[in-house]
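**Student:** Below are the sequence and a predicted model for it; my questions follow.
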Amino acid sequence: MPNPFLPLWEYIPDGEPRVFGDRVYLYGSHDRASSEQFCDFKLKVWSASVSDLNSWQCHGDSFHTRKDTDHEADTNWTDRELYAPDVVCRDGKYYLYSYILASKGCVSVSDRPEGPFKLLSTYVYDEADAGDDGIFNDAGVLVDDDGRVYIYYGFEKSHFGELNPENMYEIKKGSYKEDMIPCGDGKTDFFEASSPRKINGKYYLIYSPKNGGCLDYAVSDSPSGPFEHKGTIINNSIDYPGGNNHGSVCNINGQWYIFYHRMTNGTIMSRCACAEKIEILPDGTIPEVEMTSLGFEESLNPYTITPAEIACVLKGGCFITQKDTFTRVVTGIKNGSIIGYKYFDFGEDFSSKTMEFSAKVTGAGCQGQIHIVIDDYENGEEIGVCDIGTHDGVYHARVKNVTGRHSVFLKVNHVYNGWFAHAFNERNIFDLESFVFTK
């Protein structure tokens, strides 16, 4: 599946990927389309077979802070929103760690990785052995090879504690530490989104630094640190409407991925789950990767219909929005907007000189053009121009045939050149629904 890899109507940010058995599970917050608030009062679980990452299954709701049509509330001390959970397995039981906005956090348990989860307890701790006022913001949990269990959490300050493995919710007295991520230049300092992993004998802490849409990582020889900042894995705000970020790494059938989220609906509160392939080098470092449209695909097929919503480059004010359960478009397309997709494999057809580009749009009473550019939106080759009319429809253009692997950028301009052409610069020219190349 390309990015975003869940169905178009689903919003799962803050994703924690975990492989249990022969399936990979995605645990995250639950956003709502065009909401004015982060998250929801429920958590959901999705999973896919490790051998088929193109078929994701929804397991429904796993935990609630408010009663709804089908479920009772699982908490009696709060009805606030659920943020950024994590799930770990110990002795055949699955433990859900829930961060609840401005409320005491809690731990729940299930016999199945998909839940539903039954409340065990709020965290139990001595005041001297837990920071963050017992909220345990964005808690991430690590079950070590020797059976010891560690929890990492915090907002604007990183915290650490060791959990009692006999109950999985009690902080061991004397285990508490703070500032796991040392302060540095103000950009890589810890902000939130703790996610621990143990990789090749080293302890990794993936987190969101104070400089916005990045997921950074730090490494230590010990679960309790000190951790050394090593770099950025991904930044969701490069050539794209940015916002916060939260996610982690996961090895699926020998391939490492970074799971993260990116923004839709012209807000930072409707976030979609995405993934990119990464590499962990022999020295333990992780080279930074770019956002793409690929997800779990090796490449995109230009000869099948490409939905506009998988754009990984959005510049000039345009953004992805949900019109209804069935329809998501790129809207806010103005003079100078750029919509980009990485990467298509056009194959090796050397017999053709041209091919056809077709775009399905919702008209906005404005005339425009799409310049189809490959490889680089500033200095790449323009292979054709598609004229867009004022009304809904499918518009076509003959373009140069290309071969091999390329990114594709759609650069838009209006066609008004008179005295008042500048008045159209902020006008939406059209909404892009999808496009395809044909021969």
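**Tutor:** Perfect, I can see it now. Numbers count the residues shown, from 1 in each chain.
**Student:** Where is the longest strand in the protein?
**Tutor:** strand 52-64 (DSSP state E).
**Student:** Within the sheet, what are the partner strands of that one, with directions?
**Tutor:** strand 42-49 (antiparallel) (DSSP bridges).
**Student:** contact partners of the partner strand?
**Tutor:** Residues from elsewhere that reach strand 42-49 (Cβ atoms under 8 Å, 6 or more residues apart in numbering): 6, 10, 12, 22-30, 54-66, 68, 71, 82, 85, 96, 98, 113-115. (Each C-beta comes from the backbone N, C-alpha and C, glycine too.)
**Student:** Please, a PyMOL command that selects the buried ones among the residues you listed?
**Tutor:** Buried residues within these, by 16 or more other Cβ atoms under 10 Å, are selected in PyMOL with:
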select buried, resi 6+10+12+23+24+25+26+27+28+29+30+56+61+62+63+64+65+66+82+85+96+98+113+114+115
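**Student:** thinking in terms of the whole chain, how far from its middle is the longest strand of the chain?
**Tutor:** Distance, stretch centre to chain centre, for strand 52-64: 16 Å (Cα atoms, centre = their mean, to the nearest Å).
**Student:** which residues touch it?
**Tutor:** Contacting residues not belonging to strand 52-64 are listed as 1, 5-7, 10, 24, 26, 41-49, 70-75, 82, 85, 96, 98, 108, 110, 114-117, 252, 296 [Cβ under 8 Å, 6+ apart].
**Student:** List the ones among those that fall in strands.
**Tutor:** Going by DSSP E, the strands hold 24, 26, 42-49, 82, 85, 96, 98, 108, 110, 252 from the contacts of strand 52-64.
**Student:** For the residue nearest the centre of the chain, grab phi and psi.
**Tutor:** Centroid check for the chain by Cα atoms, centre = their mean gives His261 as the closest residue, at 1.5 Å. Main-chain dihedrals, His261, degrees, to the nearest 10: phi -140, psi 160.
**Student:** could you check the distance from Glu298 over to Lys342?
**Tutor:** Distance of Glu298 to Lys342, computed by Cβ to Cβ, to the nearest Å: 12 Å.
**Student:** Have a look at the two and say which one is more surrounded.
**Tutor:** Lys342 (22 against 9; other Cβ atoms under 10 Å).
**Student:** Tell me if I'm right that the more buried one and Gly295 touch.
**Tutor:** No - in this structure Lys342 lies outside contact range of Gly295 using Cβ atoms under 8 Å: 11.2 Å.
**Student:** ok, how many other residues are close to the residue nearest to Asp221 when sequence neighbours are not counted?
**Tutor:** Spatially, and ignoring its direct neighbours in sequence, Asp221 is nearest to Lys202 (6.7 Å; Cβ to Cβ, 6 or more residues apart in numbering). A count of nearby residues for Lys202, using other Cβ under 10 Å, gives 13.
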